[in-house]
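Asker: The sequence isn't on hand, but the structure is:
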């Protein structure tokens, strides 16, 4: 596990991630522990496949990634979508993305404020995804993005995101790891991992005006939601979208093998710091 403590002392997300992304290889490592272009491309291709299938991304779709980072997914998704848009709070991250995706003519990138999606017009994208990004935000900023994503998404579009699940034993173990990494307030970087509960996520979605389609709960909470177009029967619309995406939803989750591997990794990382798991783990 890469220690992201190098962002300690930075006062905002942009300064923190710009510091991390001042070197592309270091940015790759902090994103998913890749140490080369070849490695991050391989990892990106593996995960992007789940997004293409899970969101049924096709050539008619304008797709937005919130927190595009180094373009790990964008490089793989751009060829499937009609248009791919990547936004990030870090100008250095966006510059890396632009270089890595320079071969595509259907790509658009923006540096955003860390609070909203203001460069994008209302009702301008068909599908939005956000993987492993909201986990690095304070809840207030997470919620602000939920609100503005609804403005940007076309009525009837699909929005997918994920966050850590504090109510899962393995998710709790990951939180214990975070506390072991940063035991005091002075140690905690602004981009440290944050944790949510399923009910908290449902409440945020409801208050932001989203209609929840599907929520998968492992050590991550995987969420699919939509908004209902005006003049359309709500229940009929939601039933139709759920039916269309039912098989796709099923593939967007970690399986038991993933969970066991994750637990063993967390236990080993804690043991290296002389720490024992503080609660029993469900087999």
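Answerer: That came through fine. Quantities reported herein were computed from a predicted structural model and do not represent experimental measurements.

Asker: What are the buried residues along the host helix or strand of residue 260?
Answerer: Using DSSP states H and E, residue 260 sits within helix 256-272. Of the residues in helix 256-272, 259, 262-263, 266-267, 269-270 count as buried by neighbour count, 16 or more other C-beta atoms under 10 Å. In short, each C-beta sits where N, CA and C put it, glycine included.

Asker: Where does pLDDT dip in the chain?
Answerer: Along the chain, segments meeting pLDDT under 70 span 1-9, 281-283.

Asker: Name the single longest strand found in it.
Answerer: Longest strand of the chain, by residue count under DSSP state E: strand 153-165.

Asker: how near is the closest residue in space to residue 96 that isn't next to it in sequence to residue 29?
Answerer: Distance criterion C-beta to C-beta, 6 or more residues apart in numbering; nearest residue to residue 96, sequence neighbours excluded, is residue 70 at 4.6 Å. Separation of residue 70 from residue 29 (C-beta to C-beta, to the nearest Å) stands at 10 Å.

Asker: Go ahead and report the secondary structure state at the most far-flung residue of the chain relative to its centre.
Answerer: Ranked by distance from the centre of the chain (C-alpha atoms, centre = their mean), the top residue is residue 231, with 31.6 Å. For residue 231, the assignment made with DSSP: H, G, I helix; E, B strand; the rest coil gives coil.

Asker: do the same with the one 4 residues further on
Answerer: Taking three-state DSSP as the rule, one finds residue 235 in the helix state.

Asker: got it, and residue 28?
Answerer: Applying three-state DSSP: residue 28 is helix.

Asker: pretty sure it contacts residue 36?
Answerer: Yes: counting by C-beta atoms under 8 Å, residue 36 is a contact partner of residue 28 at 7.2 Å.

Asker: Neighbour count for those two, which is higher?
Answerer: Set residue 28 next to residue 36 and count neighbours by other C-beta atoms under 10 Å: residue 28 wins out with 23 against 11.

Asker: OK, contacts around that one?
Answerer: Listed by C-beta atoms under 8 Å, 6 or more residues apart in numbering, the contact set of residue 28 reads 34-37, 39-40, 70.

Asker: now those residues: which count as buried?
Answerer: The neighbour count (16+ other C-beta under 10 Å) marks 34, 40, 70 as buried among the contacts of residue 28.

Asker: wait, the first one sits on residue 45?
Answerer: No: with contact taken as C-beta under 8 Å, residue 34 and residue 45 are classed as non-touching, separated by 11.8 Å.

Asker: Check what contacts the helix or strand containing residue 46 and list those residues.
Answerer: Assigned by DSSP H and E, residue 46 belongs to helix 37-54. Contacting residues not belonging to helix 37-54 are listed as 28, 31-32, 34, 57, 70-73, 75-77, 80, 100, 129, 131, 160, 248-249, 251-252 [C-beta under 8 Å, 6+ apart].

Asker: Which positions within it qualify as buried?
Answerer: Buried residues in helix 37-54, counted by 16+ other C-beta under 10 Å: 40-41, 43-44, 48, 50-52, 54.

Asker: The next helix or strand after it pairs with which strands?
Answerer: Counting by DSSP H and E, the next helix or strand C-terminal to helix 37-54 is strand 62-66. Sheet pairing of strand 62-66 (DSSP bridges) gives strand 83-88 (parallel), strand 125-130 (parallel).

Asker: Now the phi/psi pair for the residue nearest to the spatial centre of the chain, please.
Answerer: Centroid-nearest residue in the chain: residue 131, 1.8 Å away (criterion: C-alpha atoms, centre = their mean). In this entry, residue 131 is assigned phi and psi values of phi -110, psi 130 (degrees, to the nearest 10).

Asker: Not counting sequence-adjacent ones, nearest residue to it?
Answerer: Counting by C-beta to C-beta, 6+ apart, residue 131 lies nearest to residue 162, which is 5.9 Å off, once chain neighbours are set aside.

Asker: Now do the same contact list for that neighbour.
Answerer: Contact analysis of residue 162 by C-beta under 8 Å, 6+ apart lists 130-132, 134-135, 220-223.

Asker: Residue 269 versus that one, what's the distance?
Answerer: Residue 162 is 21 Å from residue 269, by C-beta to C-beta.

Asker: Also residue 28?
Answerer: 20 Å.

Asker: Contacts for the host helix or strand of residue 142, please.
Answerer: Per DSSP H and E, residue 142 falls inside helix 139-152. Residues outside helix 139-152 that contact it (C-beta under 8 Å, 6+ apart) are 13, 64, 66, 114-118, 120-125, 128, 130, 134, 137, 159, 163, 194, 196, 204-205, 207-210, 227.
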